[in-house]
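S.K.: sharing a model prediction with you, sequence too.
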2 protein chains.
Amino acid sequence: MSARRTELTRAAARLFAEKGYHGTSTADLAEALGVQKGSLYAHIESKADLLWEVAREGSEAFHAALDSVPEEGSVVERIRAALRAHLRVVAEQLDVATVFTREWRYLEGERRERFVAERRRYEERFRALFREGRDRGDLRSDLDDATAALLALSAVNWAYTWLRAGSQTDELADRFTALLLDGMRGYATPP
Amino acid sequence: MSARRTELTRAAARLFAEKGYHGTSTADLAEALGVQKGSLYAHIESKADLLWEVAREGSEAFHAALDSVPEEGSVVERIRAALRAHLRVVAEQLDVATVFTREWRYLEGERRERFVAERRRYEERFRALFREGRDRGDLRSDLDDATAALLALSAVNWAYTWLRAGSQTDELADRFTALLLDGMRGYATPP
DNA sequence: CTCCCAACCGAACGATCGTTAGTCTCGGAT
DNA sequence: ATCCGAGACTAACGATCGTTCGGTTGGGAG
């Protein structure tokens, strides 16, 4: 992919995140490149291509982040690593993460279905962590893994609305992990 | 407000939630009423009016929900009540909640500012619960109330994406409350 | 030096956008 | 019986939408 084409994708990610997919015109995209809007079509076949590309980028980034979570180690540590990895992607690729989280629904047809499948797979990988934690005894035995995963995923899925580039995401993820694991009320391991 | 005008607002809420504000045309709105698009302007001055109205409806619904949380009682009970109240609004007015959470950003000018101020106030009211819980000793003394509120608010702000009308929101809110308060790892009050 | 091709221009396409204007209908109040 | 006004109609407005197309440009490969 040419350098110019990459520039266009970056501009699309930024504008789609800022103004929404339907709120961004091809004229907006062209202006970001300093070009006439007709010239965009030397690089793409349609505006929808850009949405698809950015959404897929997000999908890959989040899955790659989960890939970095070690297979071994305590579940507690792996949950911490997963939250860290997710928040890191959000902070470092805020535009892409925003499109992945909010604008993907303007995908159409088969692309939409493929995206949704990847998203579901991501959530399932996340949930498996909590299920394993319960089954192995690292988490409480009466844990509802679906609810637990929902709570954790909600927290990180909403992060694109308040995270800023340069945030200390590892520390933030650790604070979330501590709250999720030990709660707000008391100490799990009393002094 | 006439019955017809109310119908229009309901259709707007539904369509804005389903297709997005910019993805919904006045022709879509007119079709939902079984009317020509020009006829809409017997009821409104602009499409933006509808967005403003639905967003304000959401703002009022969520604030009213928080108003129902008792002033007295343990903070733990009040947090449970706040989560219940919020999730109830989401489930019972899913369209309005979706616009409140996702589409509000297409508001412009002074309306946008007023909305953001109300939204901030809502979050601040939420956070105050956790701060008070820590100060009064109901929650752990080292609690970071900002992070705690962020976690809880994220969970409920994301709810519009997966909650369906008819969900047992009270039970769900209670499960969230239990997880947030006592954590996923152990029991706060060991047997 | 010539050729090529990626990149861009300029102009236009038909479609759709939100909105306006003038007219008509009709049920209820005077 | 008359009037009124809410609500809907049709038609059209200028603007903007995403996209197409033939022509121009300029720098690197042969």
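M.R.: Arrived safely, thanks for sending.
S.K.: contacting residues around A:Thr9?
M.R.: Applying Cβ atoms under 8 Å, 6 or more residues apart in numbering or on different chains to A:Thr9 gives the contacts A:Leu50, A:Glu53, A:Val54, A:Glu57. In short, each C-beta sits where N, CA and C put it, glycine included.
S.K.: how about the host helix or strand of A:Ala17: buried residues?
M.R.: Secondary-structure assignment from DSSP states H and E places A:Ala17 in helix A:3-19. Buried residues in helix A:3-19, counted by 16 or more other Cβ atoms under 10 Å in any protein chain shown: A:Leu8, A:Thr9, A:Ala11, A:Ala12, A:Ala13, A:Arg14, A:Leu15, A:Phe16, A:Ala17.
S.K.: quick one, what contacts the last one?
M.R.: Spelled out, it's A:Ala17. Residues counted as contacts of A:Ala17 (Cβ under 8 Å, 6+ apart) are A:Leu94, A:Asp95, A:Val96, A:Thr98, A:Val99, A:Arg102, A:Glu103.
S.K.: and the pLDDT at it?
M.R.: We have a pLDDT of 98 for A:Ala17.
S.K.: who wins for neighbours among the contacts of A:Thr9?
M.R.: In terms of neighbour count, A:Val54 stands highest of the contacts of A:Thr9 at 26 neighbours, by other Cβ atoms under 10 Å in any protein chain shown.
S.K.: so which of the contacts of A:Ala17 comes closest to DNA strand D?
M.R.: Taking Cβ to the nearest atom of the strand as the measure, DNA strand D sits nearest to A:Glu103 out of these, at 13.0 Å.
S.K.: that closest one against A:Glu18, yeah?
M.R.: No - judged on Cβ atoms under 8 Å, A:Glu103 makes no contact with A:Glu18 at a distance of 10.6 Å.
S.K.: re the thing from before, are the helix holding A:Ala17 and DNA strand C in contact anywhere?
M.R.: Yes - using Cβ under 7 Å from any atom of the strand, helix A:3-19 reaches DNA strand C at A:Ala3, A:Arg4, A:Arg5.
S.K.: so what pLDDT did the second one get?
M.R.: pLDDT for A:Arg4: 93.
S.K.: for the closest residue to it other than its chain neighbours, list the residues it contacts.
M.R.: Leaving out its chain neighbours, the residue that sits closest to A:Arg4 by Cβ to Cβ, 6 or more residues apart in numbering or on different chains is A:His43, at 6.4 Å. A:His43 makes contact with A:Ser2, A:Arg4, A:Arg5, A:Leu8, according to Cβ under 8 Å, 6+ apart.
S.K.: make it 7 Å
M.R.: Contact analysis of A:His43 by Cβ atoms under 7 Å, 6 or more residues apart in numbering or on different chains lists A:Arg4, A:Arg5, A:Leu8.
S.K.: the residue of chain A found nearest DNA strand C: neighbouring residues, count only.
M.R.: Here chain A gets closest to DNA strand C at one residue, A:Gly38, 2.7 Å apart by Cβ to the nearest atom of the strand. Residues lying near A:Gly38 (other Cβ under 10 Å) number 9.
S.K.: now the element after the longest helix along chain A, going C-ward?
M.R.: Secondary structure of chain A read by DSSP state H shows that its longest helix is helix A:109-135. Note on helix A:109-135: by DSSP H and E, the next helix or strand toward the C-terminus is helix A:145-157.
S.K.: so, in contact with chain B or not, that following helix?
M.R.: Yes - using Cβ under 7 Å from any Cβ of the partner chain, helix A:145-157 reaches chain B at A:Thr147, A:Ala148, A:Leu151, A:Ser154, A:Ala155, A:Asn157.
S.K.: wait, what's in contact with the third one?
M.R.: Looking back up the chat, that one is A:Leu151. Contacts here follow Cβ under 7 Å, 6+ apart; on that basis A:Leu151 touches A:Leu180, B:Ala155, B:Phe176, B:Leu179.
S.K.: let's go with 6 Å and repeat that
M.R.: Shown in contact with A:Leu151 (Cβ atoms under 6 Å, 6 or more residues apart in numbering or on different chains): B:Ala155, B:Leu179.
S.K.: so what's the residue count around A:Ala173?
M.R.: For A:Ala173, the neighbour count with other Cβ under 10 Å is 23.
S.K.: with A:Ala149 instead?
M.R.: Using other Cβ under 10 Å as the criterion, the residues surrounding A:Ala149 number 19.
S.K.: could you measure from the residue of chain A found nearest DNA strand D over to A:Ala3?
M.R.: When you check chain A against DNA strand D by Cβ to the nearest atom of the strand, the closest residue turns out to be A:Gly38, at 2.6 Å. Per Cβ to Cβ, to the nearest Å, A:Gly38 is found 20 Å from A:Ala3.
S.K.: swap in A:Pro70?
M.R.: According to Cβ to Cβ, A:Pro70 and A:Ala3 sit 36 Å apart.
S.K.: show me the shaky parts of chain A.
M.R.: By pLDDT under 70, the low-scoring segments of chain A are A:187-191.
S.K.: kindly report the residues of it close to chain B.
M.R.: A:20, A:22-23, A:139, A:143, A:147-148, A:151, A:154-155, A:157-158, A:175, A:179-186, A:188 (Cβ under 6 Å from any Cβ of the partner chain).
S.K.: close to DNA strand D: what parts of chain A are there?
M.R.: Counting by Cβ under 7 Å from any atom of the strand, the residues of chain A close to DNA strand D are A:24-28, A:37-38, A:40-41, A:45-48.
S.K.: just the buried ones from these, in PyMOL syntax?
M.R.: In PyMOL, this line selects whichever of those come out buried by 16+ other Cβ under 10 Å:
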select buried, chain A and resi 24+26+28+40+47
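S.K.: which one of the residues of chain A next to DNA strand D is nearest to A:Arg119?
M.R.: Proximity of the residues of chain A next to DNA strand D to A:Arg119 (Cβ to Cβ) peaks at A:Ala48, which lies at 18.1 Å.
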